[in-house]
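Enquirer: Sequence and predicted structure below; questions after.
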Amino acid sequence: MSAAEILLKRIRTDGSIDGQIVKVDQFLNHMVDPVLVHLLGEDIAARFIDHSITKILTAETSGIMLAQAVALKLQVPFVYAKKKRPITMSEYFAAASYSFTKQESTTLYVSKEVLHQEDKILFIDDFFAKGTTFKSIEEILSQAGATLVGAAVIINKSQRRDIESILTLDDLQ
């Protein structure tokens, strides 16, 4: 079975779909099935193996597990944009973001020590819905002068087809 087929089966047995709401708390967003995440990471990594990626970038917190799995397969480091700036991060790139799921605004921070102009970035996240996190990441990459090579998510709930994904909302119908 493909990663998409396994994920779809898992959503139908251990999750739920209610319109645009896809509940995956029992295996992706709250409790994590590392075997499933590893499989999803391998699927996404295979799509970008020839893109000369130097780093994976995600946002804290839900994208971290997938970012690690993809980074391991591509053998590159991953960076996660933090939602709170620690006092040890004196120089940083930052952009505002809004979470529709959590109904709150936040600012994402990435240290200038870990993101550089020569970096070729693959953005990873769990879901792509309205694109607000992605827009924030694009703003951070613009500030750094880094190059966005691609974007990939587990589930794309939008109509954008330039975002690589394991499943789309249409697959869930």
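Expert: Arrived safely.
Enquirer: Against which helices or strands is the longest helix along the chain packed?
Expert: For the chain, the longest helix by residue count, based on DSSP state H, is helix 34-48. Helices and strands touching helix 34-48, by 3 or more Cβ pairs under 8 Å, 6 or more residues apart in numbering; DSSP states H and E, are helix 3-14, helix 64-74, strand 147-156, strand 164-168. (C-beta placed from N, C-alpha, C; glycine too.)
Enquirer: what does the second one contact?
Expert: So the one you mean is helix 64-74. The set of residues external to helix 64-74 that reach it, using Cβ atoms under 8 Å, 6 or more residues apart in numbering, is 28, 32, 34, 37-38, 40-42, 44-46, 48-49, 53, 55-58, 77-78, 80, 122, 124-126, 152, 154.
Enquirer: a markdown table for the helices and strands packed on helix 34-48, including distance to Ser90?
Expert: Below are the helices and strands packed on helix 34-48 laid out as a markdown table (distance: least, Cβ to Cβ, whole Å):
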| stretch | distance to Ser90 |
| --- | --- |
| helix 3-14 | 40 |
| helix 64-74 | 23 |
| strand 147-156 | 25 |
| strand 164-168 | 35 |
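Enquirer: And the residue nearest to the spatial centre of the chain, how far from His38?
Expert: For the chain, the residue nearest the mean C-alpha position is Asp125 (1.3 Å; Cα atoms, centre = their mean). From Asp125 across to His38, the span is 17 Å (Cβ to Cβ, to the nearest Å).
Enquirer: What of Ile87?
Expert: According to Cβ to Cβ, Ile87 stands 34 Å off from His38.
Enquirer: Those two: who's more crowded?
Expert: In terms of neighbours (other Cβ atoms under 10 Å), His38 is the more surrounded of Ile87 and His38; the figures are 17 against 5.
Enquirer: Please name the nearest non-neighbouring residue to Gln20.
Expert: Closest residue to Gln20 apart from its sequence neighbours, by Cβ to Cβ, 6 or more residues apart in numbering: Lys157 at 5.8 Å.
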